[in-house]
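Chemist: Pasting the sequence and the predicted coordinates here, then a few questions.
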Amino acid sequence: MDAMSQVPTAPTTTPAAAASRIPLGDKVKAYVALTKPRIIELLLVTTVPAMILAADGFPRWDLLLTTVVGGYLSAGAANAYNMYLDRDIDAVMNRTKGRPLVTGKVTPSEALTFASVLAVVSTAWFWFVVGSPLASVLSVAAIVGYVVLYTMILKRRTAQNIVWGGAAGCMPVLIGWAAVTQSLSWTPVLLFLIIFFWTPPHYWPLSMKFKRDYARAEVPMLPVLASSRRVAIEMIGYAAAMVVTTLVLVPVAGMTWVYAGVAAAAGAWFLTGCVRLYLRAQRDEAKLREMRLFHDSITYLTIVFAAVMVDPFLPETLTVWAS
């Protein structure tokens, strides 16, 4: 036998072949991970209170359930597209190197197909199952905003990427409101703005923690390009605008003293946290405790929207501008 014929050949396993050998349970988990379920949980925290406020009480249970399901499908589509487009970034960041497209549990073609299916299904779901063409259009706008505006255009080009790109994450309150009323008004716009102003002081602390990751991936997050002091100043500005917006909601939506008190107290607490971050940035940037503020921001949003959800069930005599 020829000696050359005895030399073992290198395996020629393709990514698709490797992905196909993954156990079914792990494959399902990988597809679920593409939707970023922990982020979607936060989006739904704002959707349900918006629907309850729109209905001035509990909306129909079938409407509530189908809207939440549609919201998951829509946000899942946007997140899966995001992972497909950002797989090169995810591969060099410690925080994201375990994502399915990096580990090979899902191939790029599978992820793209999955995202596209979710986008089509969620659009049809809102139109025919929820019965709200307006919610369907808003869902498409949210997907396009996150995928095109944020992921494809802003994320790799400007330090203000999360500010304007984050608008897509504000859309669930508009979608939930539209599902109930088939219209929009100033109240859902204010709910949208609360989340819009909340996003920078929520996300920038995380960017501070992982700024080396973002620098390695060449993503120009503000904490990569500016000092912690400058970032903290901008966070205070956005947080202040957020608190003012929560209070403007009181006369516009006819909220009660209970909501007004909770919004004011929670806003003062969160603003204090931003100021403390600024003071620590002035003294020692190595001890910012930025992740504490990141987690506090989630608690803050949950408290405010819990107050929004409870408000319609309180006596009208507690309304701030009661006649």
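Modeler: Received it, and whenever you're ready, just let me know what you need.
Chemist: Just want the phi and psi numbers for Tyr278.
Modeler: Note on Tyr278: backbone dihedrals following degrees, to the nearest 10 are phi -60, psi -40.
Chemist: One more: Lys36?
Modeler: phi 50, psi 70.
Chemist: Tell me who's in contact with Thr319.
Modeler: Listed by CB atoms under 8 Å, 6 or more residues apart in numbering, the contact partners of Thr319 are Gly254, Met255, Thr256, Trp257. To be clear about C-beta, it is placed using only N, CA and C from the backbone, and glycine gets the same treatment.
Chemist: could the residues you listed be laid out in CSV, adding neighbour count, pLDDT and distance to Val248?
Modeler: CSV is the format used below for these (neighbours: other CB atoms under 10 Å; pLDDT from 0 to 100; distance: CB to CB, whole Å):
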residue, neighbour count, pLDDT, distance to Val248
Gly254, 17, 95, 12
Met255, 26, 97, 10
Thr256, 22, 96, 15
Trp257, 14, 97, 16
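Chemist: With respect to Ala33, which of those residues is nearest?
Modeler: Checking the contacts of Thr319 against Ala33 by CB to CB gives Met255 as the nearest, at 37.9 Å.
Chemist: ok, so what distance separates that closest one from Thr187?
Modeler: From Met255 over to Thr187 the distance is 10 Å, taken as CB to CB, to the nearest Å.
Chemist: and if you look at Met235?
Modeler: Distance of Met235 to Thr187, computed by CB to CB: 26 Å.
Chemist: one step back: name the residues contacting each of Met255 and Thr187.
Modeler: Leu249.
Chemist: if we can go back for a sec, can you list the contacts of Thr319 in TSV and add secondary structure and distance to Asp88?
Modeler: Below are the contacts of Thr319 laid out as TSV (DSSP: H, G, I helix; E, B strand; the rest coil; distance: CB to CB, whole Å):
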residue	secondary structure	distance to Asp88
Gly254	coil	49
Met255	coil	46
Thr256	strand	50
Trp257	helix	52
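Chemist: what two of those residues are the furthest from one another?
Modeler: With CB to CB as the measure, no two of those lie farther apart than Gly254 and Trp257, at 11.7 Å.
Chemist: shared neighbours, those two?
Modeler: Overlap of the contact sets of Gly254 and Trp257 (by CB under 8 Å, 6+ apart) consists of Thr319, Val320.
Chemist: low-scoring stretches of the stretch 51-200 of the chain, by residue?
Modeler: Low-confidence segments of the stretch 51-200 of the chain (pLDDT under 70): none present.
Chemist: Please parse this structure into its domains.
Modeler: What the record gives for the chain is the domain set 23-183, 185-323, from automatic domain parsing.
Chemist: chain center to the last one: distance?
Modeler: Translated: domain 185-323. 14 Å (CA atoms, centre = their mean, to the nearest Å).
Chemist: what's the answer for the longest one, then?
Modeler: Remark: domain 23-183 is offset 8 Å from the chain centroid, using CA atoms, centre = their mean.
Chemist: Can you get me the start-to-end distance on that domain?
Modeler: By CA to CA, to the nearest Å, the extent of domain 23-183 from end to end equals 45 Å.
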